[in-house]
Each structure stands twice: as C-alpha cells, then as structure tokens.
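# build me a model from this:
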Amino acid sequence: MTATRIAADEARAAIDPVTFQILRARLNGLVQEMQLSLFRTGFSTIIRESQDASCALLDPAGRVVAQHVVLPLHIGAFPACAKAVLDEYGDDLRPGDAYLINHTHLGGSPHAPDFFIICPIFIEGTLLGFAASMAHKGDIGGPVPGSCSAAATEIYNEGLHLPAVTYQRDYQTVRDLERIIAANSRTPTVVVGDMRGQLGSVRLGERRMAEIAEKHGVDELLAYFRELLSVSEERVRAAVRSWPDASASAERYVDDDGINLDHSYKVHVTVTKTGDRISFDFTESDDQTSGAANIRPPLLRAACAYVVIALLGPQTWVNSGLLDAMDVVTRKGSVVDPHFPAAVNTYNPTVHAVVDAIFEALSHIVPGRGRADGCASRSFVMSGGREPGTKKYVQYELFGGGTGARPDHDGVSGSSVNHTNGKIAPIEIVESEYPTRVLRCELIRDSAGAGRFRGGLGIRREYEVLEPARFSLRSTRHKIAPLGVDGGAEGTVGKLTINPGTPEERVLPSRYAELPLKVGDRFLLETPGGGGYGPPTERDPERVLADVRNGYVSAEAARATYGVVLTRGPEALVVDGAATDAARSALTRTATKEA
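Numbers count the residues shown, from 1 in each chain. The predicted structure is shown next:
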C-alpha cells in the first residue's frame, strides 16, 4: 500500500484543459448516478423521500474529488470518516472490501444515525480512490425511537456507535455486522435495507470508475485528482483575493440544549480576510453544552465552506480543495469542538447558528452579499408498535419554513434553508406508510419578517395520531426569532402544540424526548418565517398588495407594518395611494423617534 500511495502522490502527468473538463463532468455525473441509485433503493422515507443522504468519490488520501451536493455538511464529514478507515485499515485495503463507520468522535459523522459506507477502488492492483456514501438511519437503538434523544448528555445515549469496521471482504458481506446492527434497531429491516442500498451505490461507483479508468488510465486520473484539488483551491483564493482585507465578528444564539431549558448558548465567529486567505475563529463561542447541541470540527469546517460556496456562486467546484483555502480556529471544550464523549445528535440548530453568524460577519467584508436569517431546521420522530396488534414503525420527518430575504429577493416559503436540503415528505407517503393522518398543511400568514424584501413564510402542519405512539422533537428558533437585516423585521418563532384548542393543550420546548401520545391526540407544528431585508416602508406597494391577495400578508399587517392602505375597488382590493403615503410618513416618524 505504501508504494501505491507514493505513486498517487507522484502522479504529475499534464492534463490538457479539454480532458480536464471531460473528467470533471464524468465524475460529477457518476456521483449523481450513485445518489439516484441510493434514493431509488432506500427502504426508509428519510432516504427515499426526504433524501437525507449523499455520495462522493475520494482520492487515495480520502479527499473529496466529486460530490453531488445535497447535504453540504458532508464535504467535511467524508474526509474525516475516510481518515478513520485509512487509520485502521490503510495497510490492509483489498479489492472487494467495504467499510462502515458512524462514530461521531472517532470519525466525522454529524451524528450516529449517519452511516458512512466506503469501498476502495483498485485498478490492476493500484488504489485509484474510493466510492463513498453517507445516509441517515431511522433508528439505531438508544433510549428513544430515532436515536436522537433531546435529553442525551453523552454519546452513549445516542444509539449504537461503530468505529471503522469491515462490511465486506472479497465482495462477501459480513452478516454478523448486519445482525448486530439489526439487533439494536427498532426497525431492523428498514435499517439493513438502507445499508444495502448504500453498499449498492458505492459498488456502482466502483464499477463506473473502472470503466473510466479503462479509457483514461490510472496515472491520468490520479493526475486529474491532484490538479482538480489544486485548481479548486486557487479558484477560491482568487475570488477571496478580490475582497477587501478586513476583519468582522458576529454571533448567534440557540434556544437551549435540551437539558438547560432556560439557557441560550452563543456561537461567536471572527472572520479575517488577508490577501488570498480567509480564517474563521470560533474561540469566543460558549463552552460545550450538557445536552446534545454540540458539533465537531469536521462539520464546522463544512459550514464555513458552505458559506463560501454560497457567496462565490453555483459555479464553485465542490471538493476538498475548498477546505484547503481556509483556516478554522476553535477552542477545545467549546460547543464547536467538544471533548469526548459529548452528545451531538441535535447538532443542526448549532450549525445554523454558525452559518448565520458567518453570513453576517462576511456581509461586513463583502458588501451586498448579506441576507436575513432563515427558519433553521427541525424534525420529529414518532414511533409505535409496543402494543400487541399495532404496527412497529419509526416515523422520521424533516421540516423547513421561511428563508431569509436577500438584498434583491424575497425569501422562499416552506423551504429548507442553509445546508439542510432535505425534502419535506409528501402527505400521501406519510399517510400510506404510518398510522397517522395529516389534517392540514399550509403557509402561515404574516409569519414572514417584513422588509423591502420580506422573508419566506413558515408552514403549519397538523397531525392526528391513529395508534398509541411515542413522540420526540428536535427543533430550534422557538424562543429566538430569525433576525432581519438593514431595518428588516424578524420572522416569527416556531411552536409545537399538543392537542391545540382543548383542555389538554400543551406547548413543548424546541427539544423534547419521549412524549406518550394516545389514539386521537393531535399535534400542531408551526415553523418560523424568515427575516426581512430593508425597511418595510420601502417595499413596493404593489408587491404588498400581491402578498395580501395571495394570503401571505393580512390587510391589517399591510397597513400596520408596511404602511400600505388597501381599499375595495370595483373588482378587487387596490392600493390607496394618498392614504399609503400618509401611513408611511407616520410610520417613518415613529421609527425616527424610537431610534
């Protein structure tokens, strides 16, 4: 293996520009093919419908050379997991091997339900690289269904953790591994089925890479990998070089950690741009939390890369070269670099805080690139099957809300935001696969932060329970609203209500574990709206009128918040120009006095 690595490092064959672009397109297309295979063979709705999974190709050192971006955080998770595999098996890799790891501290999985499966790709005895996939599993054991306990205080409360282990040898599956994982899951058939779907996707990548190598040769492909990473890094550096040298700081707070419900915790970043280098310093962030709100450095680096990608635009090449163009500084024992065995399963609210803080800091360095905060992300898990005659299941759903407004666009309504690209499961699928009924799913009027450009609207989704169940929630922004920018208003906060409008009504905190539900119980999820951008009184009155007609904004809010007065015309509502001018003048005077 040592000779193989040396050969990989010394590959220097020149790649002409045409071949370079052909290989880049082929490998990107291959990763998309792997990903579609996984989505179409997944047993669970979390993979098949919400698409909480991604695939990648890696070079012999475990660096990402092609990734179809569904979940941007995996650009940091893939290399960290691959390193764990190489550290354990690097001198014993063989054709036909496959490996698995989900350990959050020994590898790079965001949380334990995210299984990383990887296979080495050998061409005539030479290690060309790896095909890999990472996908969420609905349940891997632990005290609560879904393995994401809001009450976890260490990783041992978060389900089965596996270090790097062999999944296949000589293309033969290690059935004992599958049996161990199945024995620890409440839904063993679904979890093992998803694992096999992942394995099939990486084997597809292995076969396709062999076909590409047959045409281009190993040396040319190894040289391409090196040049791709180098050029990608230089492209980022060139873009950063055009930004002014500066330093700026920002911070965001997260509701709580699920344990200390009265304490919100801080993520603080100082971004410094010097020449062609950019650094992100998180040393002033709060200490690691008692609950499961911590994140590890591989995710932190990926969050930084995500923001850089967003600022540079869709033409940015997504691979490990991005990570080489930036520095990330942490403080050991902080919420973004916790000591083992810190719990991490509800990591996403913290990552959203990181992303929002970086966007604000960079908006002071790169003018015109800011945006308001979005809704962050949330999920719930409902499980049944304890009672005789009832279905055994784990219902795991992801939800978005409103995105933040931008300098020239309204936010998007009912959408995932930032790095969380998972889809909301269709009602038809939910009702056909689980003993639950969706009573309504709608946008929430007046939930968007007002502004010259308003935020996106949050969603309201209500369920009725048809069999006894256990319910857990992983959410955020139930206390701290998405911020507006440059005079824009905050979006609304989220809320989860059990049995709304009845004597049994109860509002849950944003993180909650293990609530028993009986037949006929209902729960209502309301997600936050995005923040607004710019003063609301500067919004085009005709756009406000359109929002009222579409049901996004009430006539009362149009007048009170935007200063737009509507009157009934011959056929529909119209803007009263004179009254609107007067109302906006009054709002401006009031705002000036308050300032």
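
# contacting residues for the nearest residue to residue 157 once chain neighbours are set aside?
Among residues not flanking residue 157 along the chain, residue 149 sits closest, at 5.4 Å (CB to CB, 6 or more residues apart in numbering). From N, CA and C alone the C-beta is placed, and that goes for glycine too. Counting by CB atoms under 8 Å, 6 or more residues apart in numbering, residue 149 makes contact with 142, 143, 157, 158, 292, 345, 472, 513, 514.

# surely the fifth one is within a strand?
No - using DSSP: H, G, I helix; E, B strand; the rest coil, the assignment for residue 292 is coil, not a strand.

# wait, it sits on residue 341?
No - contact criterion CB atoms under 8 Å: residue 292 and residue 341 do not qualify, at 11.3 Å.

# how is the protein divided into domains?
Using automatic domain parsing, the domain parsing of the chain gives 2-232, 371-534, 537-594.

# can you tell me which residue is nearest the centre of this structure?
Nearest to the mean C-alpha position of the chain, counting by CA atoms, centre = their mean, stands residue 420 at 2.6 Å.

# which SS class is it?
On the three-state scheme (three-state DSSP), residue 420 is labelled coil.

# ok, the closest residue to it other than its chain neighbours to residue 400 distance?
Nearest-residue entry for residue 420: residue 377, 4.2 Å, with adjacent residues in sequence omitted and distances by CB to CB, 6+ apart. Applying CB to CB, to the nearest Å, the value for residue 377 to residue 400 is 7 Å.

# what do you get for residue 174?
With CB to CB as the criterion, residue 174 and residue 400 are 38 Å apart.

# buried sites along stretch 586-595?
residue 587 (16 or more other CB atoms under 10 Å).

# tell me which residues are up against it.
So stretch 586-595 is contacted by 535, 536, 537, 563 (CB under 8 Å, 6+ apart).

# returning to what we had before: thought the residue nearest to residue 420 was touching residue 403?
No - if you go by CB under 8 Å, residue 377 and residue 403 don't touch, sitting 11.4 Å apart.

# how close does residue 188 sit to residue 117?
17 Å.

# and if you look at residue 16?
35 Å.

# for residue 490, same thing?
Counting by CB to CB, the gap from residue 490 to residue 117 is 42 Å.

# name the nearest of the contacts of stretch 586-595 relative to residue 153.
Lowest distance from residue 153 to the contacts of stretch 586-595 (CB to CB) belongs to residue 536, with 43.1 Å.

# do you have the helices of the stretch 201-350 of the chain handy? List them.
218-241, 297-312, 321-324, 348-363 (DSSP state H, counting those that start in this stretch).

# mind checking the SS state of residue 587?
When classified by three-state DSSP, residue 587 comes out as helix.

# likewise residue 501?
coil.

# could you tell me the per-residue confidence at it?
As predicted, residue 501 sits at a pLDDT of 96.

# quick one on the thing from earlier: how far away is the residue nearest to residue 157 from residue 496?
As judged by CB to CB, residue 149 and residue 496 stand 16 Å apart.

# so can I have TSV of the contacts of residue 149 showing neighbour count, secondary structure and distance to residue 66?
Output for the contacts of residue 149, formatted as TSV (neighbours: other CB atoms under 10 Å; DSSP: H, G, I helix; E, B strand; the rest coil; distance: CB to CB, whole Å):
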residue	neighbour count	secondary structure	distance to residue 66
142	24	coil	34
143	14	coil	38
157	20	helix	36
158	27	coil	31
292	29	coil	32
345	28	coil	29
472	24	strand	36
513	23	strand	38
514	15	strand	41
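
# okay, the residues you listed in TSV with pLDDT and distance to residue 197 next?
Putting the contacts of residue 149 into TSV (pLDDT from 0 to 100; distance: CB to CB, whole Å) gives the following:
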residue	pLDDT	distance to residue 197
142	95	22
143	94	27
157	95	27
158	96	23
292	96	27
345	95	23
472	96	25
513	92	28
514	90	29
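
# can I get those residues in JSON lines with distance to residue 463?
Putting the contacts of residue 149 into JSON lines (distance: CB to CB, whole Å) gives the following:
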{"residue": "142", "distance to residue 463": "23"}
{"residue": "143", "distance to residue 463": "23"}
{"residue": "157", "distance to residue 463": "26"}
{"residue": "158", "distance to residue 463": "25"}
{"residue": "292", "distance to residue 463": "24"}
{"residue": "345", "distance to residue 463": "23"}
{"residue": "472", "distance to residue 463": "14"}
{"residue": "513", "distance to residue 463": "18"}
{"residue": "514", "distance to residue 463": "17"}
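
# which stretches of the protein have low pLDDT?
Applying pLDDT under 70 to the chain flags residues 1-14.

# hmm, back to that, common neighbours of residue 377 and residue 403, please.
residue 417.

# who has more neighbours, those two?
Applying other CB atoms under 10 Å to residue 377 and residue 403 shows that residue 403 carries more neighbours, namely 30 against 25.

# tell me the secondary structure for the more buried one?
Following three-state DSSP, the label given to residue 403 is coil.

# for it, what are its contacts?
374, 375, 411, 412, 415, 417, 455, 456, 530.

# helix, strand or coil for the third one?
Read it as residue 411. Assignment for residue 411 (three-state DSSP): coil.

# ok, residue 414 touching residue 423?
No - at 11.1 Å, residue 414 does not count as touching residue 423 under the criterion of CB under 8 Å.

# okay, those two: which has more neighbours?
Using other CB under 10 Å as the criterion, residue 414 and residue 423 rank with residue 414 on top: 22 against 15.

# which non-adjacent residue is nearest residue 32?
residue 68 (4.7 Å).

# run a quick neighbour tally on the one you found.
For residue 68, using other CB under 10 Å, the count is 19.

# ramachandran angles for it?
When quoted as degrees, to the nearest 10, the phi and psi of residue 68 stand at phi -90, psi 110.

# same deal with the one 5 residues further on?
In terms of degrees, to the nearest 10, the main-chain angles of residue 73 are phi -60, psi -20.

# which non-adjacent residue is nearest it?
Nearest residue to residue 73 in three dimensions, chain neighbours excluded: residue 302, at 4.4 Å (CB to CB, 6+ apart).

# equivalent analysis for residue 485, please.
That would be residue 372: by CB to CB, 6+ apart, it lies 4.6 Å from residue 485.

# pretty sure the one you found contacts residue 532?
Yes - contact status for residue 372 versus residue 532: in contact at 6.0 Å, counting by CB under 8 Å.

# tell me the contacts of the spatially closest residue to residue 260 that is not a sequence neighbour?
Spatially, and ignoring its direct neighbours in sequence, residue 260 is nearest to residue 290 (6.2 Å; CB to CB, 6+ apart). With contact taken as CB under 8 Å, 6+ apart, residue 290 is in contact with 153, 257, 259, 260.

# tabulate these (a markdown table), appending neighbour count and distance to residue 480.
Converted to a markdown table, the contacts of residue 290 look like this (neighbours: other CB atoms under 10 Å; distance: CB to CB, whole Å):
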| residue | neighbour count | distance to residue 480 |
| --- | --- | --- |
| 153 | 18 | 23 |
| 257 | 27 | 13 |
| 259 | 17 | 17 |
| 260 | 13 | 15 |
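
# which one of residue 490 and residue 117 has more residues nearby?
residue 117 (27 against 20).

# partners of that one in the sheet?
residue 100, residue 133 (DSSP bridges).

# ok, it touching residue 195?
Yes - here residue 117 reaches residue 195: they are 7.0 Å apart, a contact under CB under 8 Å.

# and for these two, which residues touch both?
Contacts common to residue 117 and residue 195, judged by CB under 8 Å, 6+ apart, are 100, 167.

# more crowded one of residue 174 and residue 400?
Higher neighbour count among residue 174 and residue 400: residue 400, with 26 against 15, using other CB under 10 Å.

# and the closest residue to that one other than its chain neighbours, how many residues sit next to it?
Closest residue to residue 400 apart from its sequence neighbours, by CB to CB, 6+ apart: residue 416 at 4.2 Å. For residue 416, the neighbour count with other CB under 10 Å is 21.
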